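Trainee: sequence and predicted structure below; questions after.
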Amino acid sequence: MNDILIKVENLTKVYKMGSTDVHALRGVSFEIKYNEFLSIMGPSGSGKSTLMNIIGFLDSPTSGKYYFKGEDVSSISEDKAAYIRNKEIGFVFQTYNLLPRATAFHNAELPLIYAGVGKPERRKRIEELLEAMGLGDRMHHKPTELSGGQQQRVAIARALANNPSLILADEPTGNLDTKTGEEIMELFKELNRQGNTIIIVTHDPEVAQETERIIHIRDGLIEEI
């Protein structure tokens with residue numbers, strides 16, 4: 001089996017801002033293997049968020065090639081992109097993105113509801129995940145009743161619900177204190193040891209140093225891999 005999960009070749013992304021062209025990516029190429037734990041690092045405005053959005057099927061490149069599991073997905077339909085997003089990618093965001101009126105359990109099970117998984121199977125899967133996240137006694141709490149670290153653990157459980165090929169985490173410790181941030185990074189390391197491919201997008205060198213490989217991006221170009 002091919003051990004390359006993601007391959008991008010000469011990716012560019014140009015945004016129109018009125019009459020001006022903004023070049024967010026200027027020809028980016030790299031490969032990511034299955035079961036890698038790496039970070040994409042760069043300052044604000046470097047293009048890392050644009051790159052994350054393309055990798056996560058939230059946006060498409062202006063030119064260049066994106067191969068996911070060996071398939072050219074550079075210019076697929078929005079329906080196909082949505083399908084891959086839900087089935088193959090687990091997202092973790094800095095701001096957690098939890099539904100404020102929903103319990104931890106309901107927030108975590110949303111991807112399974114969208115995927116049409118039956119209620120008994122959903123319950124088993126989500127209970128196991130939340131237990132593994134140390135939230136067995138917090139399943140029926142709402143986000144306002146949870147600490148920041150607990151909310152991020154709910155978000156990670158949600159990201160894992162569909163057994164995705166890739167976990168894409170955008171500044172996952174950005175809203176957490178140092179100790180809680182370290183706990184979340186340890187959790188990512190453990191998930192990687194269990195076989196998950198994880199990409200962390202960050203501007204924080206300390207977070208990036210926790211990963212096995214760093215892709216440095218600046219001004220839309222790869223500086224170092």
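Mentor: Perfect, thanks for sending it. Residues are numbered from 1 along each chain as shown.

Trainee: distance between stretch 103-117 and the chain's centre?
Mentor: The chain centre lies 17 Å from the centre of stretch 103-117; the measure is Cα atoms, centre = their mean, to the nearest Å.

Trainee: wait, doesn't T103 sit right on M139?
Mentor: Yes: using Cβ atoms under 8 Å, T103 makes contact with M139 at a distance of 6.7 Å. Yep, even glycine has a C-beta here, placed from its N, CA and C like the rest.

Trainee: buried stuff in the longest helix seen in the chain?
Mentor: Using DSSP state H to define each element, the chain has its longest helix at helix 178-193. Of all the residues in helix 178-193, those buried under the rule 16 or more other Cβ atoms under 10 Å are T180, G181, E183, I184, M185, L187, F188, L191, N192.

Trainee: what's the mean pLDDT across it?
Mentor: Regarding helix 178-193, the rounded mean pLDDT is 95.

Trainee: go on, stretch 150-160?
Mentor: Average pLDDT, stretch 150-160: 96.

Trainee: neighbouring contacts of it?
Mentor: For stretch 150-160, contacts defined as Cβ atoms under 8 Å, 6 or more residues apart in numbering pick out 90-93, 96-98, 104, 107-111, 126, 129-130, 132-135, 138, 143, 146, 167, 169, 172-173, 175-176, 180, 184, 187, 191, 196.

Trainee: now which of those would you call buried?
Mentor: Buried members of the contacts of stretch 150-160, scored by 16+ other Cβ under 10 Å, are 90-93, 96, 98, 104, 107-111, 126, 129-130, 132-133, 135, 138, 143, 146, 167, 169, 172-173, 175-176, 180, 184, 187, 191, 196.

Trainee: wasn't H140 part of a helix?
Mentor: No: going by DSSP: H, G, I helix; E, B strand; the rest coil, the assignment for H140 is coil, not a helix.

Trainee: pretty sure it is touching A102, no?
Mentor: No: if you go by Cβ under 8 Å, H140 and A102 don't touch, sitting 10.4 Å apart.

Trainee: so where does the residue nearest in space to the middle of the chain fall, helix or strand?
Mentor: Centroid check for the chain by Cα atoms, centre = their mean gives L168 as the closest residue, at 1.4 Å. Taking DSSP states H and E as the definition, L168 sits inside strand 166-170.

Trainee: circling back: give me the more crowded residue out of H140 and A102.
Mentor: A direct count of neighbours by other Cβ atoms under 10 Å for H140 and A102 places A102 higher, at 15 against 10.

Trainee: can you pull out the helices in the protein?
Mentor: Secondary structure of the chain, counting by DSSP H: helices at 48-55, 78-88, 104-114, 119-132, 148-160, 178-193, 205-209.

Trainee: ok, the closest residue to S147 other than its chain neighbours - contacts?
Mentor: Leaving out its chain neighbours, the residue that sits closest to S147 by Cβ to Cβ, 6 or more residues apart in numbering is T180, at 7.5 Å. Listed by Cβ under 8 Å, 6+ apart, the contact set of T180 reads S147, G148, G149, Q152, T173.

Trainee: these into CSV, with extra columns for distance to S19?
Mentor: Shown next, in CSV, are the contacts of T180 (distance: Cβ to Cβ, whole Å):
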residue, distance to S19
S147, 47
G148, 42
G149, 46
Q152, 41
T173, 39
